[in-house]
Each structure stands twice: as C-alpha cells, then as structure tokens.
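In: here is my input; please provide its structure:
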Amino acid sequence: MLLSIQVSEVSSMWLVPEQNDTAPVHILAPRMRFLDPPAPPGFWDSAVMEGEWKYLTDKHTSENLTGLIVCYPLQNGETQEGLANLFKDKGIVAMFTLFRVNSDYPGAGNWVRSGEKTRQPFPIYEITIKQNQSLNGWYSNQTRIMMRITFDHNPWDNTFSIALPIVGTFILVFAGGTCIIAVWKLTLIILRHGFQISMAQITLWINIVGCLLRMIFGAADPFGAYGTTSFLFSQIFLTISCPSVVSGALLISLYWHEMIHQTGKKKISLFLGKLRWIFLGITAIVHAFELTTATLRGAHYSFTLVLFLDGSMYVVISLAVFIFFIVTRYRLQKIFDKINSGLKSRKGQRLSLATFQLQAIVVMMVFFLIFLVLVGTTNLVWTPISFPIMWVLLFLIVQLIGLFQVLLINAPQVPLKDVLRGIMRPELLHKHLFNATSAPSATASGKSLQNISLSYGSGSNEVHSQVQYSSRV
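Out: Residues are numbered from 1 along each chain as shown. Below is the predicted model:
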C-alpha cells in the first residue's frame, strides 16, 4: 500500500494512504537540525524526499536499505550520531529514531548530543515510543508504506531557545547568592576556630560545593539548550548537586545536637549523638551513587532498576530527615520555650526565626519528595510547557533547602568593613573575631563557650548569657 506525508497548516504531517478505505494518520516528527548534512541554507526545510518505510530493529542487518526511510528504536548506549555514521553508506533516504519517552511531543532529542562528528548524507527525524505504539495497529494493516517528507515542526524550539536559558539564569543567580552567604560564614568560622570536623563546617562545605555545581550548570549549558556541551555533561550537572542539599539536611540534625551538647552538655537525643560518622558515610554514598547514575544516563544507558534505586534513596533519606527533624524540633522547642519566657519580644522573635527555618526545611523536603515522584512516575515533565516549569520549581525547592541550612549555621558577627580592614591590620580582625559571639557549632572542643549556659537556672546573669547566645541562632 502506497502512502505519502503531506504538510498541514500547523506544520504537522499526515500519513495519507492511496486507498480510501484507510483513514489518514497524524504524526509529528521534528528534524534533528544539528545532524543536518551539508547543504545550502534552508535546503532541508523545503526538500522533498520519498521512500519506502522500513521499521528496523537490527542495526547490523545485511538487508539492502537503498532508497528506504528507516525507523529505528534507540537502545542503551546508542546515540543518534553513532547511528548516523553506522548507516551513512547504506543508501537510505532518511532516518526516524524513536525517543524513549511516553509523550506525544517529539523533538527533545535535538538537544541530546554526544559530540561525535557525523558525515551521513541523509536527515534524521524523531518520533516518540508513544507515537510509534499508537501506530502499531495501523502498521499491521499495511503491506508497503511509502513516505513523502516535506517539512517538520519542533514543539521544543521555544522551550530550549527561550525558557531553559531563563531557568539557567535563575539557577545561576540563586545559587550564587546562597554560595556567597555560605562562603562568608565559613570564612569567619575558620578564621576564628580553624579547620575542624564539625557539623557547621561540613554542612557549609557541602552547600558551597552544591551551589558551585549548580552555578556551572546554569552558566555553561543548562539542559543542553546552547548546544555547546555533550549530553554527558548535561546529565551529570543536572542532578549531581541534589545530594548536597539532601545530605546537608541530614547533617543539620546533628548540627543542632552538637550545638546544644557543646554549650550546656545537654543532649537533644542520645540516638542522634551516635550517628555522626554514619551520617557522614551516608553522605559520601549518596554523592557516589548519584554520580554513577548520572554518568550512566549521560552515556545513554537507562536501567529501570538503577532509576528506581536512585529515587528510592532520596525518598528514604528524606523520610529519615523528616523523622530526625521532628525529634530535634520537639526537643529544641522545649528549650526555646524556657528561654523565651525570660526574653524580650524582639529577641524572642529571633528564636522563633530559628525554629521557622527548621520547619521550612521540613516543608521543602516534603515538596522535594512530591516533585521527585511527579518527575519519575508521570509524563508532566515531557511536554514543552511543563518541562521548564517543573525543573525551575524543583531547583527552587533544592536551592531553598540549601539556603535555610546555610542560614541556620551561626557564625561570628563581624561587619564586612572590619574584615576588609583586617586584611591590612590582622590584629583588628583578630580582636573582632574573638570578641564576637559565635555559635557552639563552630568549634568541636567547646572551650570558647564556657561562659554560655543552657542549664536554665533562676539567676538573672545566667538568663542574660542564654539571651546573648540564643538571640543570634
């Protein structure tokens, strides 16, 4: 049976059979413009090609493919560039690759690039697995399919040319602001106490690295929108910063435990006190596993089990953070309530701000889980409109989790002008640093915190020292 592809007014294509007893079929198949063979400008937008449709599953077939239009489903480890070079001498008219997403919007593969050089003499188009499956019954009724290709439209053009660069700029600015705050606090803590294995310093380091990774992703080539990097780069930097905020949230529980314990020798939870090295080990494992899964995705390998384990890891850790925060939040609130009873309104509000930040992290972790489920189990992310919206919301949640972690870490209160003066006169900086009130988490020894008490005695001087510390939490 002979068929041809014709163009409608909305730049969509129809499979139109010559016999009137078979209904036409609508199909959208954008051209992969980055794989266009050398030709005069605009040539492939108006070129007319005809050939017999051939659905191929064996790329090493010995069949004669001369004059055919080949449709091939991409497999693990295969790239469009690799297929183009493999079929370059087969004499085919054009190739359709199957993009492995359950969506009616093909064309996103135009920004999935391995960087391999191509020399094929034919154009390459894309359809999705869902589109192809919808044609299975229609295919079975045809004995011979002829296609006529005249034009294509890519629904993802505006998404990648306009929306995603805006998302990248948002990521760059937001991550940059958080990074500046984290670097400032970490610098002051290190200047006063030196490098230490404390929860405050570790959490700040993790967030700084995470922010830098997101800044690179947002500035270099977000989602491959600029076409200047490979798919491997995009996939690694897309998710490699997520473990930093999740593990940072996990370590914040120990930060509060360390803070209270080092000041007043009062433990928030005996269980939390035993998890320091376990949490640090989990942090390393999460980062290593995410790097592995991102590298596999970037190398065009997609395994359902690996993706399931990756998502499950975040779900389990997020739930653990939620439980630890409940324990920490409940015990801290009892402590804060006792302190607040002896504080003036303004200083009491500062204590409330600290508990608000803890609650905000918990709320953001819940939203993070919801978005992970939506991205992993639905096709909302694979439409041209929802794709940038879903990712900007996900990165917003990730960045807010990191920002609240950084804000929760206390540091010596030294004005910027004094730090700048201290560059020329170090004795001035030393004076400000060691006269400023700093958080117990900034030191592992607690020697500089002997004048701070959380024993809740009745003396007015003791209450005053509690106020001096707590008002800066």
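In: tell me where this structure has strands.
Out: With DSSP state E as the criterion, the chain has strands at 3-7, 13-17, 25-27, 49-55, 68-73, 94-99, 124-128, 146-149.
In: neighbours of residue 32, how many?
Out: 23 (other C-beta atoms under 10 Å). (Glycine included, C-beta is placed from N, CA and C.)
In: show me what the residue nearest to it when sequence neighbours are not counted bridges to in the sheet.
Out: Nearest residue to residue 32 in three dimensions, chain neighbours excluded: residue 124, at 4.6 Å (C-beta to C-beta, 6 or more residues apart in numbering). With DSSP bridges as the criterion, residue 124 is bridged to residue 95.
In: surely residue 124 and residue 92 touch.
Out: No. Checked against C-beta atoms under 8 Å, the pair residue 124 and residue 92 is beyond contact range at 10.2 Å.
In: more neighbours, those two?
Out: residue 124 (26 against 20).
In: gap between residue 162 and residue 45?
Out: Noted for residue 162: a distance of 20 Å to residue 45, by C-beta to C-beta, to the nearest Å.
In: before we move on, what about residue 229?
Out: To residue 45, residue 229 is 26 Å away according to C-beta to C-beta.
In: which one of those two is surrounded by more residues?
Out: In this view residue 229 and residue 45 are compared by other C-beta under 10 Å, and residue 229 has more residues nearby, 16 against 12.
In: contacts only, for the more buried one.
Out: Residue 229 sits next to 220-221 when contact means C-beta atoms under 8 Å, 6 or more residues apart in numbering.
In: now do it, the pLDDT please.
Out: In this model, residue 229 is scored at 90, pLDDT.
In: same check on residue 428?
Out: So residue 428 comes in at 57 (pLDDT).
In: now swap in the one 4 residues further on and tell me
Out: For residue 432, the pLDDT comes out at 57.
In: cool, the one 5 residues further on as well?
Out: At residue 437, the predicted lDDT confidence score is 46.
In: any low-confidence regions in the stretch 51-200 of the chain?
Out: For the stretch 51-200 of the chain, applying pLDDT under 70 flags the ranges 134-152.
In: same question but for the stretch 251-400 of the chain, I mixed them up
Out: In the stretch 251-400 of the chain (pLDDT under 70), the answer is 256-273, 325-355.
In: what segments of it are helices?
Out: With DSSP state H, counting those that start in this stretch, the ranges of helices along the stretch 251-400 of the chain come out as 270-273, 276-298, 304-340, 345-377, 386-408.
In: out of those helices, which comes closest to residue 50?
Out: For the helices of the stretch 251-400 of the chain, proximity to residue 50 was assessed by C-beta to C-beta; helix 386-408 is nearest, at 34.0 Å.
In: what number of residues are in the vicinity of residue 310?
Out: Neighbour count for residue 310, taken as other C-beta under 10 Å: 22.
In: how's the chain carved up into domains?
Out: Domains of the chain are assigned by automatic domain parsing as 3-155, 158-462.
In: for residue 385, give its distance to residue 171.
Out: According to C-beta to C-beta, residue 385 and residue 171 sit 19 Å apart.
In: quick one, which of these two is more surrounded?
Out: Set residue 385 next to residue 171 and count neighbours by other C-beta under 10 Å: residue 171 wins out with 25 against 13.
In: can you tell me the closest non-neighbouring residue to the more buried one?
Out: In this structure, residue 171 finds its nearest non-sequential neighbour in residue 218, 3.5 Å apart by C-beta to C-beta, 6+ apart.
In: how close does residue 288 sit to residue 399?
Out: As judged by C-beta to C-beta, residue 288 and residue 399 stand 23 Å apart.
In: what about those two, which has more around it?
Out: More crowded of residue 288 and residue 399, by other C-beta under 10 Å: residue 399, with 23 against 11.
In: thought residue 177 was touching that one, still the case?
Out: No. Between residue 399 and residue 177 there is no contact under C-beta under 8 Å: 9.0 Å.
In: how near is residue 302 to residue 312?
Out: 16 Å.
In: quick revisit: I'd like the helices of the stretch 251-400 of the chain as JSON lines, with distance to residue 69 appended.
Out: Converted to JSON lines, the helices of the stretch 251-400 of the chain look like this (distance: least, C-beta to C-beta, whole Å):
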{"stretch": "helix 270-273", "distance to residue 69": "63"}
{"stretch": "helix 276-298", "distance to residue 69": "29"}
{"stretch": "helix 304-340", "distance to residue 69": "31"}
{"stretch": "helix 345-377", "distance to residue 69": "34"}
{"stretch": "helix 386-408", "distance to residue 69": "29"}
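In: tell me which of those sits nearest to residue 236.
Out: Taking C-beta to C-beta, helix 276-298 is the member of these nearest to residue 236, at 4.5 Å.
In: buried residues in that closest one, which are they?
Out: 276, 279-280, 282-283, 286-287, 290, 293-294, 296-298 (16 or more other C-beta atoms under 10 Å).
In: counting contacts, what elements does that helix pack onto?
Out: Under the contact criterion of 3 or more C-beta pairs under 8 Å, 6 or more residues apart in numbering; DSSP states H and E, helix 276-298 touches helix 199-220, helix 231-239, helix 242-264, helix 304-340.
In: rerun at 6 Å
Out: If contacts are counted by 3 or more C-beta pairs under 6 Å, 6 or more residues apart in numbering; DSSP states H and E, helix 276-298 sits against helix 231-239, helix 242-264.
In: so which of the ones you listed is the most packed in?
Out: Mean neighbour count (mean count of other C-beta atoms under 10 Å) peaks for helix 242-264 among the helices and strands packed on helix 276-298, with a mean of 24.
In: to residue 253, which of the helices of the stretch 251-400 of the chain lies closest?
Out: helix 304-340 (3.9 Å).
In: what about residue 218, distance to residue 226?
Out: Using C-beta to C-beta, residue 218 is found at 11 Å from residue 226.
In: quick one: which of these two has more around it?
Out: Under the criterion of other C-beta under 10 Å, the comparison of residue 218 against residue 226 puts residue 218 first, with 23 against 15.
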